[in-house]
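A.B. asks: Need a 3D model of the following:
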Amino acid sequence: QVQLVESGGGLVQAGGSLRLSCAASGRTFGTYTMGWFRQAPGKEREFVAAIRWSSSSTLYGDFVKGRFTISRDNAKNTVYLQMNSLKPEDTAVYYCAAVRSSTLYRSVLNYDYWGQGTQVTVSS
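C.D. replies: Okay, the predicted model is just below:
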């Protein structure tokens, strides 16, 4: 069974940075795509970034505009989301997701496994 555990969320001032981690277990993830999504209160879950585990190819949501970077560490079975120049509108619960596919999906419907989420709050 795939397990995804996020960490690294918290409270940060606008303009600051946070690094989220997603520890993955239960499978060999070489054939997986990993994704980060976020959900603000009253809004739909939104695609942030995805990475193909085998090649490190990446895809980002349109709003990212170079502020966020997704990466993975094979030795630690961990995916990261480095977030810089944070804005109050980045406030949300951030979720890690996984799917056994080499396609970099944007849709929540394509991901089979989800973590419990980690809260990110950006104050103005």
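A.B. asks: for the residue nearest the centre of the chain, phi and psi?
C.D. replies: In the chain, the residue lying closest to the centroid (C-alpha atoms, centre = their mean) is residue 36, at 2.3 Å. Main-chain dihedrals, residue 36, degrees, to the nearest 10: phi -120, psi 130.
A.B. asks: what's near enough to touch it?
C.D. replies: 20, 22, 48-50, 70, 79, 81, 94-97 (C-beta atoms under 8 Å, 6 or more residues apart in numbering). C-beta: built from backbone N, CA, C; applies to glycine.
A.B. asks: Repeat that for residue 7.
C.D. replies: Contact analysis of residue 7 by C-beta under 8 Å, 6+ apart lists 20-21, 23, 118.
A.B. asks: all strands of this structure, in order?
C.D. replies: Here the chain has its strands, by DSSP state E, at 3-7, 10-13, 18-25, 33-39, 46-52, 58-60, 68-73, 78-83, 92-99, 113-114, 118-123.
A.B. asks: Would you format the ones you listed as CSV with distance to residue 105 and mean pLDDT included?
C.D. replies: As requested, those are exported to CSV (distance: least, C-beta to C-beta, whole Å; pLDDT from 0 to 100):
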stretch, distance to residue 105, mean pLDDT
strand 3-7, 15, 98
strand 10-13, 28, 98
strand 18-25, 16, 97
strand 33-39, 6, 97
strand 46-52, 6, 97
strand 58-60, 8, 97
strand 68-73, 13, 96
strand 78-83, 15, 98
strand 92-99, 6, 98
strand 113-114, 13, 98
strand 118-123, 21, 98
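A.B. asks: Next, format those as a markdown table and append distance to residue 107.
C.D. replies: As requested, the strands of the chain are arranged in a markdown table below (distance: least, C-beta to C-beta, whole Å):
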| stretch | distance to residue 107 |
| --- | --- |
| strand 3-7 | 18 |
| strand 10-13 | 28 |
| strand 18-25 | 18 |
| strand 33-39 | 10 |
| strand 46-52 | 7 |
| strand 58-60 | 12 |
| strand 68-73 | 17 |
| strand 78-83 | 18 |
| strand 92-99 | 10 |
| strand 113-114 | 13 |
| strand 118-123 | 21 |
